[in-house]
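S.K.: Sequence first, then the predicted structure:
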Amino acid sequence: MSGSAHPVPMTARRAGPLTGEAHVPGDKSISHRALILGALAVGETRVTGLLEGQDVLDTAAAMRAFGAEVVREESGVWSVHGVGVGGFAEPASVIDCGNSGTGVRLIMGAMATSPVTATFTGDASLNGRPMGRVTDPLALFGARAYGRAGGRLPMTIVGAADPVPVRYMVPVPSAQVKSAVLLAGLNAPGQTVVIEREATRDHSERMLAGFGATLRVEDAPEGRVITLTGQPELRPQTIIVPRDPSSAAFPVCVALIVEGSDVLVPNIGLNPTRAGLFTTLREMGADLTYENPREEGGEPVADLRARFSSALKGIEVPPARAASMIDEYPVLSVVAAFAEGPTVMRGVKELRVKESDRIEAMAEGLRAAGVTVETGEDWWIVHGRGGAVPGGATVASRLDHRIAMSFLVMGLATERPMTVDDASPIVTSFPIFEGLMAGLGATLTRDTSGRA
């Protein structure tokens, strides 16, 4: 489920300087993949630093349903005893992926080339999201999908008994689609080829290689070409999950807009396919530095220090950067509201098919807070007010954790408080958000009256 059974309104009020260290959870993208590839390996994979948000816990439950042994030890380390490529058992009941588009799409890919049938569902938000972008390429392997109108959950996937390898050009930049196809290709004979015109986050490629898959990545005139040799025996791994850059975005961005703030966010993964937000903020004039750069588990990592920036300027974000920061545009738009001049964001139509239509959700809330916003099908422009943002609005989170967190960040710097109608979805990706922000000095309060 996405959070509480009942809405949890939450209000953010203007705060004094935010200071201290913000220890954000493990990377959600890597956590999902560690559980799934651990379940497809032979032997025990051990995972330290796993994000224990509801999205990832739902993926852990799904891997158990497919026959893997997944256990959280008292030390906080997760142990996954895998069943091997092609070894998934047929689940005895429906797989509930809650709010997680990443979880359901990757799991569909992982089981689509095994001779098992599984039915998937989720919460109201996930059940409204299109799955055709994944089920279409999975059909090329021989899998069949039966769902609601528009390719929506609940949906039953009948895995291919005799899968064939595919060559697939990803039509829109999507790490979820790419990864689903690669996971399906694991149990197909021969070579599966995925081509993406624009590079997306490459955690799947890195982790597949780490587990022992034969994988080749080349740049060609048609795009980035990934060739995977099917039916390997994946080797179990010991994985240390870096801290999530998408979660780090919130303490970083709030420090930039609350006067006098100085916040350190340690151990953040800076994979180039994920770090677009931080590059963009620095181009806007943000006082954001990388300290102690290093590599952990094949991923670049550093400590981020963010200080209040009084001279933020609006910029035009390069469309080619969208894939590396697609989840961070909502909170970027909050920073843009406090900057001087317009911030232009193009090539972002993927935002319209996330947990909510994030362009519309943010535009509606920003306007209610006194910010001028222009929107189009795949672009939007936030006209910054140069530091003074009125606020004073109640906005709809639309069952979307990033919308809820973005407006709570905003309310810590606006002249009047900001309220989100339901903060409960935050638990899906950032279960310690409220406590972490309070530890930095933020003023967040829940409405406990029972009113929505």
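M.R.: Good, I have the coordinates.

S.K.: Just confirm residue 398 is within a strand.
M.R.: No - the assignment for residue 398, made by DSSP: H, G, I helix; E, B strand; the rest coil, is coil rather than a strand.

S.K.: residues contacting it?
M.R.: Residues near residue 398 by CB atoms under 8 Å, 6 or more residues apart in numbering: 125, 355, 356, 357, 361. Glycine gets a C-beta too; all of them are placed from N, C-alpha and C.

S.K.: what do you get if the cut-off is 10 Å, keeping everything else the same?
M.R.: 125, 354-358, 360-361, 364-365, 404, 420-422, 425 (CB atoms under 10 Å, 6 or more residues apart in numbering).

S.K.: which residues of the stretch 1-150 of the chain score low on pLDDT?
M.R.: Along the stretch 1-150 of the chain, the parts satisfying pLDDT under 70 run over 1-5.

S.K.: so which two of the contacts of residue 398 are the farthest from each other?
M.R.: For the contacts of residue 398, the farthest-apart pair by CB to CB is 354 and 421; their separation is 18.2 Å.

S.K.: neighbour count winner among those two?
M.R.: Neighbour totals were compared for residue 354 and residue 421, and residue 354 leads with 21 against 18 (other CB atoms under 10 Å).

S.K.: so that one touches residue 400, yeah?
M.R.: Yes - between residue 354 and residue 400 there is a contact under CB atoms under 10 Å: 7.1 Å.

S.K.: what residues do these two have in common as contacts?
M.R.: 125, 330, 361.

S.K.: ok so the last one is a helix residue?
M.R.: This points to residue 361. Yes - per three-state DSSP, residue 361 lies within a helix segment.

S.K.: looking at it, it is touching residue 395, isn't it?
M.R.: Yes - between residue 361 and residue 395 there is a contact under CB under 10 Å: 8.0 Å.

S.K.: hey, what's in contact with both of the two?
M.R.: Residues touching both residue 361 and residue 395 by CB under 10 Å, 6+ apart: 403, 404, 406, 407.

S.K.: And stretch 48-58, end to end?
M.R.: Stretch 48-58 has an end-to-end distance of 18 Å (CA to CA, to the nearest Å).

S.K.: any idea how far residue 12 is from residue 30?
M.R.: 29 Å (CB to CB, to the nearest Å).

S.K.: Ignore what I typed, I meant residue 36.
M.R.: On the measure of CB to CB, residue 36 and residue 12 end up 35 Å apart.

S.K.: buried subset of the shared contacts of residue 361 and residue 395?
M.R.: Buried members of the shared contacts of residue 361 and residue 395, scored by 16 or more other CB atoms under 10 Å, are 403, 404, 406, 407.

S.K.: which residues does the third one contact?
M.R.: Residues in contact with residue 406 (CB under 10 Å, 6+ apart) are 249-250, 253, 328-335, 358, 361-362, 365-366, 395, 397, 400, 418, 420.

S.K.: quick one, strands of the stretch 51-200 of the chain?
M.R.: Taking DSSP state E, counting those that start in this stretch as the criterion, the stretch 51-200 of the chain carries its strands at 69-72, 78-83, 95-96, 117-121, 144-148, 152-158, 167-170, 191-196.

S.K.: now those strands as TSV including distance to residue 440?
M.R.: As requested, the strands of the stretch 51-200 of the chain are arranged in TSV below (distance: least, CB to CB, whole Å):
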stretch	distance to residue 440
strand 69-72	28
strand 78-83	28
strand 95-96	34
strand 117-121	37
strand 144-148	43
strand 152-158	37
strand 167-170	39
strand 191-196	37
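
S.K.: got those strands as CSV, with distance to residue 227 and mean neighbour count columns?
M.R.: Converted to CSV, the strands of the stretch 51-200 of the chain look like this (distance: least, CB to CB, whole Å; neighbours: other CB atoms under 10 Å):
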stretch, distance to residue 227, mean neighbour count
strand 69-72, 30, 16
strand 78-83, 24, 22
strand 95-96, 30, 22
strand 117-121, 28, 19
strand 144-148, 25, 15
strand 152-158, 25, 18
strand 167-170, 9, 18
strand 191-196, 5, 21
